[in-house]
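S.K.: quick one: sequence plus predicted model below, questions after.
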Amino acid sequence: QVQLVESGGGLVQAGGSLRLSCAASERIFRINAMGWYRQAPGKQRELVATITNTDRTYYAGAVKGRFTITRDIAKNTVHLQMNSLKPEDTAVYYCNAHYSLAGRDYWGQGTQVTVSS
């Protein structure tokens, strides 16, 4: 099974930027879709952005225009560039790998993003 390791979280002021990275233990072109989810305290985990193995992307309305998801096939890494951060973006961000045929999902351990006002 694939292992996912996130990095790049931290504390930033409102309006600032962060870049999250998710390193996969296998070739990401084998993964049907990868994405980022987030979970704030007391809230359910929610989808932030996804990218398929054909580079189709999807963004949640709350982040559209501010966040960009990309993948680096050579490095088996997916990135989430987050700009114009808001306090409501504060959450633990999780990387996800989805295998459509098997109907399976794998998760990273999460990385904390805190945006101060």
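M.R.: Thanks, I have the structure now.
S.K.: and the most centrally placed residue in the chain, what element?
M.R.: Geometric centre of the chain, nearest residue: Trp36, 2.5 Å, by CA atoms, centre = their mean. Using DSSP states H and E, Trp36 sits within strand 33-39.
S.K.: per-residue confidence averaged over whatever helix or strand comes next after that strand?
M.R.: Toward the C-terminal end, the helix or strand that comes next after strand 33-39 (DSSP H and E) is strand 46-52. Here strand 46-52 scores 98 as its mean pLDDT.
S.K.: angle of strand 46-52 against strand 33-39?
M.R.: Relative orientation of strand 46-52 versus strand 33-39 (axes from the mean of the first three to the mean of the last three CA atoms, to 10 degrees): 170 degrees.
S.K.: what's the strand holding Trp36 packed up against?
M.R.: strand 18-24, strand 46-52, strand 67-72, strand 77-82, strand 91-99 (3 or more CB pairs under 8 Å, 6 or more residues apart in numbering; DSSP states H and E). The C-beta positions use only the backbone N, C-alpha and C, and glycine is treated the same way.
S.K.: quick one: strands adjacent to it?
M.R.: Strand pairing for strand 33-39, determined by DSSP bridges: strand 46-52 (antiparallel), strand 91-99 (antiparallel).
S.K.: ok, Val48 - contacts?
M.R.: 35-38, 59-60, 63, 67, 80, 93 (CB atoms under 8 Å, 6 or more residues apart in numbering).
S.K.: swap that for His98, please
M.R.: 31-35, 50, 104-105.
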